[in-house]
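Trainee: Predicted model follows, preceded by the sequence.
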Amino acid sequence: MAVGVGCGFFRKHDSDHYLSTLLLPDSARAAVFAIRALNVECAIIPERARDPRLAQMRMAWWRNAVIDACKQPDPSAPAAPTPLVPPAPPKQPIVQVLALAARRHNLTTAYLERLIDARESLVTNSGNDQFASLPALGSYAEHTVSSILYLTLECLGFRYNSEAQPPAPVAGAQSIDASTAAVHAASHVGKAIGITTLIRGLPYNFASSGQILIPKTITGKVSPSPFHAAPSARCDSLLI
């Protein structure tokens with residue numbers, strides 16, 4: 001796979017993860033670049049398409065392109081007696097690399113789909129930007145950041161085993177299945193990263209669009225709430 005595909009775009013919009021992805025083995029790096037580039041593409045759609053209808057159309061394009069890419073048969077595999085060839089994915093660099101990564105690493109398409117679905121939920125709920133509660137925010141982080149980590153683990157050869165024992169509470173216990181433990185950790189780490197990213201993005205979101213993503217159960221405890229101020233005033237009051 002071409003490691004350079006989408007690197008400039010990914011590096012510009014997500015430099016932290018770009019640098020950390022460089023530490024991955026060669027066998028997984030290009031696939032993870034494509035996965036994270038997809039995440040960035042979906043994350044910035046609301047900025048590129050202010051009209052929610054246009055934003056939803058772009059989300060739908062990415063969803064269909066990714067699903068078609070993951071359904072592509074392995075050209076080296078024996079042909080089926082009556083092959084049903086899915087539509088070819090579009091000639092888009094990120095999609096092309098994802099198609100190859102899906103075959104090489106047997107990626108779980110559901111993780112990619114729920115990543116896009118979660119990003120789209122912020123578009124469809126643009127009139128009500130706040131999460132209802134902290135668990136709702138945690139669920140969003142699970143569907144976005146944790147999904148990326150699950151896919152990264154699959155690229156590295158770790159896959160959730162539903163028949164394996166859950167992680168043992170004792171550190172170093174021999175009964176721990178490595179893949180199951182890694183996926184379990186990825187779930188918690190993903191939620192933590194997602195919440196941290198939201199906090200880091202507060203000044204930008206307030207200044208650019210006046211978005212309020214902090215859960216209502218938290219902002220409701222502040223009276224008078226700085227979140228009810230004008231967008232230009234919100235940023236200054238919350239940076240103190």
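Mentor: Arrived safely.

Trainee: Secondary structure element for residue 154, which one?
Mentor: In this assignment (DSSP states H and E), residue 154 forms part of helix 147-155.

Trainee: Spatially central residue for the chain, please.
Mentor: Among the residues of the chain, the one closest to the centroid is residue 144, at 3.5 Å (CA atoms, centre = their mean).

Trainee: Touching, residue 45 and residue 59? I think so.
Mentor: Yes - applying CB atoms under 8 Å, one finds residue 45 in contact with residue 59, separated by 6.2 Å. Every residue, glycine included, has its C-beta placed from N, CA and C.

Trainee: next one: the helix holding residue 154 to chain centre, how far?
Mentor: Chain-centre distance of helix 147-155: 10 Å, with CA atoms, centre = their mean, to the nearest Å.

Trainee: Residues touching it, excluding its own?
Mentor: 24, 27-28, 31-32, 35-36, 39, 101, 105-108, 111-112, 114-115, 118, 159-160, 179, 182-183, 186, 189-190 (CB atoms under 8 Å, 6 or more residues apart in numbering).

Trainee: out of the residues you listed, which are buried?
Mentor: Among those, those buried by neighbour count (16 or more other CB atoms under 10 Å) are 24, 28, 31-32, 35-36, 39, 101, 105, 107-108, 111-112, 114-115, 118, 159-160, 179, 182-183, 186, 190.

Trainee: Now, those residues that are in helices?
Mentor: Those of these mapping onto helices are 28, 31-32, 35-36, 39, 101, 105, 111-112, 114-115, 118, 179, 182-183, 186, 190, per DSSP state H.

Trainee: Residue 139 - how many residues pack around it?
Mentor: 16 (other CB atoms under 10 Å).

Trainee: do you know how far it is from residue 114?
Mentor: Residue 139 sits at a distance of 10 Å from residue 114 (criterion: CB to CB, to the nearest Å).

Trainee: Repeat that for residue 108.
Mentor: 10 Å.

Trainee: How about residue 122?
Mentor: For residue 122 relative to residue 114 (CB to CB), the value is 14 Å.

Trainee: go on, residue 9?
Mentor: 23 Å.

Trainee: What of residue 142?
Mentor: Distance of residue 142 to residue 114, computed by CB to CB: 9 Å.

Trainee: what is the mean pLDDT for stretch 156-175?
Mentor: The pLDDT scores in stretch 156-175 average 58.

Trainee: Please identify every residue contacting each of residue 45 and residue 59.
Mentor: Shared contacts of residue 45 and residue 59 (CB under 8 Å, 6+ apart): 119, 123.

Trainee: give me every residue that touches the nearest residue to the residue nearest to the centre of the chain once chain neighbours are set aside.
Mentor: Spatial nearest neighbour of residue 144, excluding adjacent residues (CB to CB, 6 or more residues apart in numbering): residue 118 at 4.9 Å. Shown in contact with residue 118 (CB under 8 Å, 6+ apart): 140, 143, 144, 147.

Trainee: Can you show me the helices along the chain?
Mentor: Under DSSP H, the chain gives helices at 7-13, 15-21, 26-43, 45-48, 52-70, 93-105, 109-124, 134-141, 147-155, 178-200, 202-208, 216-219, 231-239.

Trainee: List the buried residues of the first one.
Mentor: In terms of neighbour count (16+ other CB under 10 Å), helix 7-13 has its buried residues at 7, 9, 10, 11, 13.

Trainee: will you turn those residues into TSV that also has distance to residue 152 and pLDDT?
Mentor: As requested, the buried residues of helix 7-13 are arranged in TSV below (distance: CB to CB, whole Å; pLDDT from 0 to 100):
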residue	distance to residue 152	pLDDT
7	16	69
9	18	73
10	14	79
11	17	83
13	18	82
